[in-house]
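S.K.: what would the 3D arrangement of this be:
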Amino acid sequence: FSLYFSYNPNNPFLVKYTGPLHKNYSSYADDYDVIYYDDKICEDMLYDSLHRKKELTEIVIKPGTECIECSALCDTNTVKRIVLPDSVSVIKTGAFERSGELSFVKMSKNIKRINDAAFRFCPKLESIELPEGLQHIGRQAFRKCTSLESVKIPDSISFLGSYAFHKCINLKEVFLSKSLTVINEGMFMDCHQLKDVVIPEGIKVIEKRAFARCKNLERIILPPGLERIEKDAFLECNRLRHIDIPESVKFIDSNIFGDHAPYVIITGKPSSYANSYAAQNQMAFSFYYSTEIYKTNLERVGRRIKR
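M.R.: Numbers count the residues shown, from 1 in each chain. Take a look at the predicted model:
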């Protein structure tokens, strides 16, 4: 059965639950058993209710709701589907965290923010459709969603928090927003099934551990305009064999590959910082000479041009 939320004009602080009541709720008049306040699903208001209703598999939030508050629907043990109305614009911290059976979320078309840890530890969440217009995804928002296989980050997103997809061990495909300027710390760390990543133009910094322990990562394309690659960015990416580093890069931490460094060939221009970095760290370096060759190298995956 489902929980449906509807406005009750006789008591604006309550919403109606439709479906069989648990025996412990028999004292509630008119079947009202969930508190609702100020067009928000409030913190922990469903916690006891959801844990008692063992048969609950779907939650449908009432139209007009604008915000899912902190921890409002966390720790649900049986809920598999959640439907959000298009009126919802904000999902706050931990709203759906640790929902062990949650596999499907119908997202609001007008969502603007998904805050920290909103869907953290939802191991059965298989997919999430993020609409254009979404602007912010917080820290650890989808951390350890271990069934998630593909994510498309819309171009409207300008902030994607650190460790947002950490330990999504079955994530195979990522399409990044063109509005991002930073790949934040640990964003795709321990995403073991990622094989191929294209970093869009506009990214200036790849922070520490951004792709650490992506054990099957074979190809990553870095954009013109990239300026910094920080510590352990590609730590233990043991299948990464070569990487093209654009001339715009002016800082690379001394340890971005970890113990795998001797097996990586860096490609770049002879006068580039990448060349100096390779020499200082006793790494193999392969030259290219022109922007046209660089562009061709990007489009033709896996082709390396040597002097």
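
S.K.: next, Ser179: secondary structure please.
M.R.: For Ser179, the assignment made with DSSP: H, G, I helix; E, B strand; the rest coil gives coil.

S.K.: for it, grab the count of nearby residues.
M.R.: Residues within reach of Ser179, counting by other CB atoms under 10 Å, total 16. (Each C-beta comes from the backbone N, C-alpha and C, glycine too.)

S.K.: now Glu132
M.R.: 9.

S.K.: ditto for the one 4 residues further on
M.R.: By the measure other CB under 10 Å, the count of residues near His136 is 17.

S.K.: that one contacts Arg113, doesn't it?
M.R.: Yes: taking contacts as CB atoms under 8 Å, His136 lies within contact range of Arg113: 4.5 Å.

S.K.: where along the stretch 101-250 of the chain do the strands fall?
M.R.: Assigned by DSSP state E, counting those that start in this stretch, the strands in the stretch 101-250 of the chain fall at 104-106, 113-114, 136-137, 150-152, 159-160, 173-175, 182-183, 196-198, 205-206, 219-221, 228-229, 242-244.

S.K.: by contact count, what packs against the helix or strand following the last one?
M.R.: The reference is to strand 242-244. Next helix or strand after strand 242-244 toward the C-terminus (DSSP states H and E): strand 251-252. Packing partners of strand 251-252 (3 or more CB pairs under 8 Å, 6 or more residues apart in numbering; DSSP states H and E): strand 228-229, helix 273-280.

S.K.: reformat the ones you listed as JSON lines; add mean pLDDT.
M.R.: Formatted as JSON lines, these follow (pLDDT from 0 to 100):
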{"stretch": "strand 228-229", "mean pLDDT": "98"}
{"stretch": "helix 273-280", "mean pLDDT": "95"}
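
S.K.: pick the most deeply packed of these.
M.R.: For the helices and strands packed on strand 251-252, the largest average neighbour count (mean count of other CB atoms under 10 Å) is found in strand 228-229, namely a mean of 20.

S.K.: partners of that one in the sheet?
M.R.: Sheet pairing of strand 228-229 (DSSP bridges) gives strand 205-206 (parallel), strand 251-252 (parallel).

S.K.: of the strands of the stretch 101-250 of the chain, which is nearest Val83?
M.R.: Set against Val83 and scored by CB to CB, the strands of the stretch 101-250 of the chain come closest in strand 104-106, at 4.4 Å.

S.K.: which other residues reach that closest one?
M.R.: With contact meaning CB atoms under 8 Å, 6 or more residues apart in numbering, strand 104-106 is reached by Lys80, Arg81, Ile82, Val83, Leu84, Phe96, Phe119, Leu125, Glu126, Ser127, Ile128.

S.K.: could you flag which of the residues you listed are buried?
M.R.: Among the contacts of strand 104-106, those classed as buried by 16 or more other CB atoms under 10 Å are Lys80, Ile82, Leu84, Phe96, Phe119, Leu125, Ile128.

S.K.: could you measure from the nearest residue to the last one once chain neighbours are set aside over to Lys250?
M.R.: Pointing back at Ile128 there. Nearest-residue entry for Ile128: Val105, 6.1 Å, with adjacent residues in sequence omitted and distances by CB to CB, 6 or more residues apart in numbering. As judged by CB to CB, to the nearest Å, Val105 and Lys250 stand 41 Å apart.

S.K.: those two - which one has more neighbours?
M.R.: Val105 (19 against 11).
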